[in-house]
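**Q** what's the 3D shape of this:
(chains A and B)
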There are 2 protein chains.
Amino acid sequence: MVRRTWRLGVAGLGTVGAGLLDFLAGNPDFAPAGDRAEIAGVSARSRSRPRPVDISHLRWFDDPVAMATSDDVDVLVELIGGSDGTAKAAVEAALRAKKPVVTANKALIAEHGRELAAIAEASEVPLLFEAAVMGGTPAVKMLREAMVGDEVSAVAGILNGTCNFILSEMDATGRPFAEVLAEAQRRGYAEADPTMDVGGFDAGHKATILAALAFGCAPCFEAAEIEGVQAVDQLDIRLARELGYRIKLVAAALREADGISVRVYPALARLDHPLAQTSGALNALFIQGKRIGRIFIQGPGAGAGPTAAAVAADISDVMTGQHRPVFQKPAGELKPFTRIDASRHASRAYIRLLVRDQPGVIAAVSETLAECGVSIDSFLQKPVEDAGGVPIVLTTHLAPESVLRDAMDRMARLDAVVAEPRMLRIAPI
Amino acid sequence: MVRRTWRLGVAGLGTVGAGLLDFLAGNPDFAPAGDRAEIAGVSARSRSRPRPVDISHLRWFDDPVAMATSDDVDVLVELIGGSDGTAKAAVEAALRAKKPVVTANKALIAEHGRELAAIAEASEVPLLFEAAVMGGTPAVKMLREAMVGDEVSAVAGILNGTCNFILSEMDATGRPFAEVLAEAQRRGYAEADPTMDVGGFDAGHKATILAALAFGCAPCFEAAEIEGVQAVDQLDIRLARELGYRIKLVAAALREADGISVRVYPALARLDHPLAQTSGALNALFIQGKRIGRIFIQGPGAGAGPTAAAVAADISDVMTGQHRPVFQKPAGELKPFTRIDASRHASRAYIRLLVRDQPGVIAAVSETLAECGVSIDSFLQKPVEDAGGVPIVLTTHLAPESVLRDAMDRMARLDAVVAEPRMLRIAPI
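**A** Numbering: from 1, shown residues only, chains lettered A, B, ... in the order given. Modelled structure (predicted):
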């Protein structure tokens, strides 16, 4: 085995960057594939900002693009973040200079993955991003490398630890969304501007990447249908639990004959379902393959330790000298992303109505559903204080989502229904 | 990307070999890493035996060793099985001839892994065995490649589908071991001679391989402590369930400062524990890492489709041209396997006694445990017909296994105890 030293340029010294420096400082003989890796340079917005690791002995670059193209750097480790700007410029510059790139940047890969893959493949260097999805849990490697002898039809799971923490806390404590979000921000689990996480966009980036790896299509973030957790009501969390479910933010990518759907939405999982049992900052993923069947993987989705370990594993993969396409197929052979109309998917649904306490309400609701051809699986009417009406909740058998929407519209128009009905899907896997 | 064709020699045409041929026939453009793979030759015990795939158009070799060294073969795919004999001869011959080897042979790797790794590394060719552990579920890849940025302290899970099927059936139907085993044999889930599976040896081979990958030690099957499922009693399955547990065959490898233990034994998992929810022929594994924390993976552990998909993924890995050690460290740097005395491990235990229905029994049992320093977690006395005594079952808090054994010996000598007490561990993870 050739023993050479790969000189890393690390751009971005936040949580993950500091975690990587800490790991390499603590493991100076890190050489899992025979070769060694050492830090040849670092770059970040501020050189003097207090950090948990000492960078005074490392070569400093003001400009990450200059570092990416420096003769003293063999591999760019991009931990800046953001889909455009400096991160993209540095990654492009490194790839064009025929330097392998390791990144944790989900937005960059989800929004510019095909274009970057084409540059990487033209330069015959790897572009790796294990840390972009599920932190320390190797979902990217599983889909890119372990599933090549299969055809994946679906991936679905919990990909955002912040939302999962918030939903778990709402479930455990009965507190409303805004209060739990504020606590998550105080504890550092949510950003000051939490939109990327709670709006579902972070999970959407990750699901977009997984879809490209699973289905051999170009990543296409614009095609993702995204709903966050902001509208998840404590009332629904409690009523869903009465019916035996827990509410989770599910990210799902499905392949059908004529296209792909990528969606993020709050959904119900039965209490004994592995997704319902994925609590706090954990992430989880189901992979459904034609030959292999169903694989489930669960683990930490974020944090300095796990994410830096994923970056280190990618650095090791670079050092093995392997050549394989960035997204399971060469960039030029990736199928265009053909989005299919998700409303034709069949789902099971949870529907919650607030009604006036008067005779004939249940009859009106059940007749409306019957007229639409929606069949009821379970039904619960339960007095709840301060709900602004009497809650009626029901779950349905499988029905096309367009049909469910039609039923929702009709029920909204019923006299006895006093507030906009709320529908949540039941987890598809 | 270079486009070459890798010519495969497939030795062994049982379930997995036929599954691989079927896969490659159905996917003639299989080239996940850019290069292509084609079958250049096959070898098996009988050329004429009826098979689900047509081999008449393929070059036949009577001798797999001759095939392994043929100039027309680039990669040996060894699916013969068995730790010695032809399988070992063919793998060695291929590696010495500088040909990559892909194998599904857990016995071979568990018993001769270090020696074969040394030959592979001297020849600078890969020796891959994803299909040897957990079938289509990529446990080997996770440990060898994804965990290199971490220190793994423990792996534990369910690694034998036959035993898991038998225990699941015993649990679901209340039937005794022998009857369920006979059914498993009729349905093809167990071999005519079931010793390798029900005796725990298959799980022991797999745990030995995982320990080598996880801890960077030489695989050492002789050091594994193995107990199978033959002695699992329907009475214990029922009583464990009353206490909220299910009995599973657990394979566990733990690393401590001064050595390693590899063990296979029937153990109790709480009903809401992921191992308890791994039923039928599924396999599951927990990986505990210092930085990443805990990863859980679950999926199909056997079968033609999943296992052939794992072999195909290994073939793809060969075609990427990567170089990395067989067991996470080069064979010459693997630590010797230092077995630690497992009796000093602390476990929680389930203890079942059969006693005479007379006053003072519970006092005698609890005094004995107290004298030994074993603290009781839960306790159940329940009349069961035809049990040959009144069953008393209890679970303990953590205690060194040597202490638990001492307590078992003392309880066996109590007057009121009418049969050998039975102890099962509670799953360690």
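
**Q** my read is A:Ile287 is in a strand, agree?
**A** Yes. Counting by DSSP: H, G, I helix; E, B strand; the rest coil, A:Ile287 is part of a strand.

**Q** for it, grab the count of nearby residues.
**A** Neighbourhood size, A:Ile287 [other Cβ atoms under 10 Å in any protein chain shown]: 27. Quick note: C-beta positions are derived from backbone N, CA and C, even for glycine.

**Q** can you pull the contacts of it?
**A** A:142-143, A:147, A:152, A:154-155, A:214, A:294-297 (Cβ atoms under 8 Å, 6 or more residues apart in numbering or on different chains).

**Q** do a quick rundown of the strands in the stretch 251-400 of chain A.
**A** A:259-270, A:282-289, A:293-300, A:346-347, A:349-355, A:376-381, A:390-396, A:399-400 (DSSP state E, counting those that start in this stretch).

**Q** wait, which of those strands is closest to B:Tyr189?
**A** Closest approach to B:Tyr189 among these (Cβ to Cβ): strand A:293-300, 15.6 Å.

**Q** residues making contact with the closest one?
**A** A:134-139, A:142, A:161, A:274, A:278, A:281-289, A:306, A:429, B:136-137, B:274, B:292-300, B:305-306.

**Q** any idea how far A:Ala257 lies from chain B?
**A** In this view, A:Ala257 and chain B are 17 Å apart by Cβ to the nearest Cβ, to the nearest Å.

**Q** just checking, A:Leu334 touches A:Ala218?
**A** Yes. Applying Cβ atoms under 8 Å, one finds A:Leu334 in contact with A:Ala218, separated by 4.5 Å.

**Q** switch the strands of the stretch 251-400 of chain A over to JSON lines; also include distance to B:Gly244 and mean pLDDT.
**A** As requested, the strands of the stretch 251-400 of chain A are arranged in JSON lines below (distance: least, Cβ to Cβ, whole Å; pLDDT from 0 to 100):
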{"stretch": "strand A:259-270", "distance to B:Gly244": "19", "mean pLDDT": "97"}
{"stretch": "strand A:282-289", "distance to B:Gly244": "23", "mean pLDDT": "97"}
{"stretch": "strand A:293-300", "distance to B:Gly244": "22", "mean pLDDT": "96"}
{"stretch": "strand A:346-347", "distance to B:Gly244": "34", "mean pLDDT": "92"}
{"stretch": "strand A:349-355", "distance to B:Gly244": "29", "mean pLDDT": "96"}
{"stretch": "strand A:376-381", "distance to B:Gly244": "26", "mean pLDDT": "93"}
{"stretch": "strand A:390-396", "distance to B:Gly244": "28", "mean pLDDT": "95"}
{"stretch": "strand A:399-400", "distance to B:Gly244": "37", "mean pLDDT": "96"}
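
**Q** among those, which is nearest A:Met319?
**A** Proximity to A:Met319 (Cβ to Cβ) singles out strand A:293-300 among the strands of the stretch 251-400 of chain A, at 23.8 Å.

**Q** the inter-axis angle of the closest one versus strand B:282-289?
**A** The directions of strand A:293-300 and strand B:282-289 differ by 20 degrees, with axes from the mean of the first three to the mean of the last three Cα atoms, to 10 degrees as the criterion.

**Q** what about dumping the CA coordinates of strand A:293-300 to PDB?
**A** Only the C-alpha atoms of strand A:293-300 are listed here, as PDB (Å, rounded to 0.1, in the frame of the first residue of the first chain):
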ATOM      1  CA  GLY A 293     -36.400  -5.500   0.800                       C
ATOM      2  CA  ARG A 294     -36.600  -3.000   3.600                       C
ATOM      3  CA  ILE A 295     -33.600  -1.700   5.500                       C
ATOM      4  CA  PHE A 296     -33.900   0.600   8.500                       C
ATOM      5  CA  ILE A 297     -31.100   2.700   9.900                       C
ATOM      6  CA  GLN A 298     -31.200   5.000  12.900                       C
ATOM      7  CA  GLY A 299     -28.600   7.200  14.500                       C
ATOM      8  CA  PRO A 300     -27.400  10.700  15.500                       C
END
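
**Q** residues touching the residue nearest the centre of chain A, list them.
**A** The centroid of chain A falls nearest to A:Ala203 when counting by Cα atoms, centre = their mean (2.9 Å). Neighbouring residues of A:Ala203 by Cβ under 8 Å, 6+ apart: A:159-160, A:163, A:226, A:249, A:251, A:264.

**Q** let's see 6 Å
**A** By Cβ atoms under 6 Å, 6 or more residues apart in numbering or on different chains, the contact set of A:Ala203 is A:159-160, A:251, A:264.

**Q** how about A:Ser83?
**A** By Cβ under 6 Å, 6+ apart, A:Ser83 lies in contact with A:107-108, A:111.

**Q** which one of these has the most neighbours?
**A** The member of these that has the most neighbours, counting by other Cβ under 10 Å, is A:Leu108 with 25 neighbours.

**Q** export the strands of the stretch 251-400 of chain A to JSON lines and tack on distance to A:Ile362?
**A** JSON lines is the format used below for the strands of the stretch 251-400 of chain A (distance: least, Cβ to Cβ, whole Å):
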{"stretch": "strand A:259-270", "distance to A:Ile362": "21"}
{"stretch": "strand A:282-289", "distance to A:Ile362": "36"}
{"stretch": "strand A:293-300", "distance to A:Ile362": "38"}
{"stretch": "strand A:346-347", "distance to A:Ile362": "23"}
{"stretch": "strand A:349-355", "distance to A:Ile362": "9"}
{"stretch": "strand A:376-381", "distance to A:Ile362": "7"}
{"stretch": "strand A:390-396", "distance to A:Ile362": "7"}
{"stretch": "strand A:399-400", "distance to A:Ile362": "19"}
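
**Q** nearest to B:Lys382, out of the ones you listed?
**A** Across these, closest to B:Lys382 is strand A:259-270 (Cβ to Cβ), at 30.3 Å.

**Q** elements contacting that closest one?
**A** Contacts defined by 3 or more Cβ pairs under 6 Å, 6 or more residues apart in numbering or on different chains; DSSP states H and E place strand A:259-270 against helix A:201-215, strand A:245-256, strand A:422-426.

**Q** tell me which of the ones you listed is the most buried.
**A** Of these, the one with the most neighbours on average (mean count of other Cβ atoms under 10 Å in any protein chain shown) is helix A:201-215, at a mean of 29.
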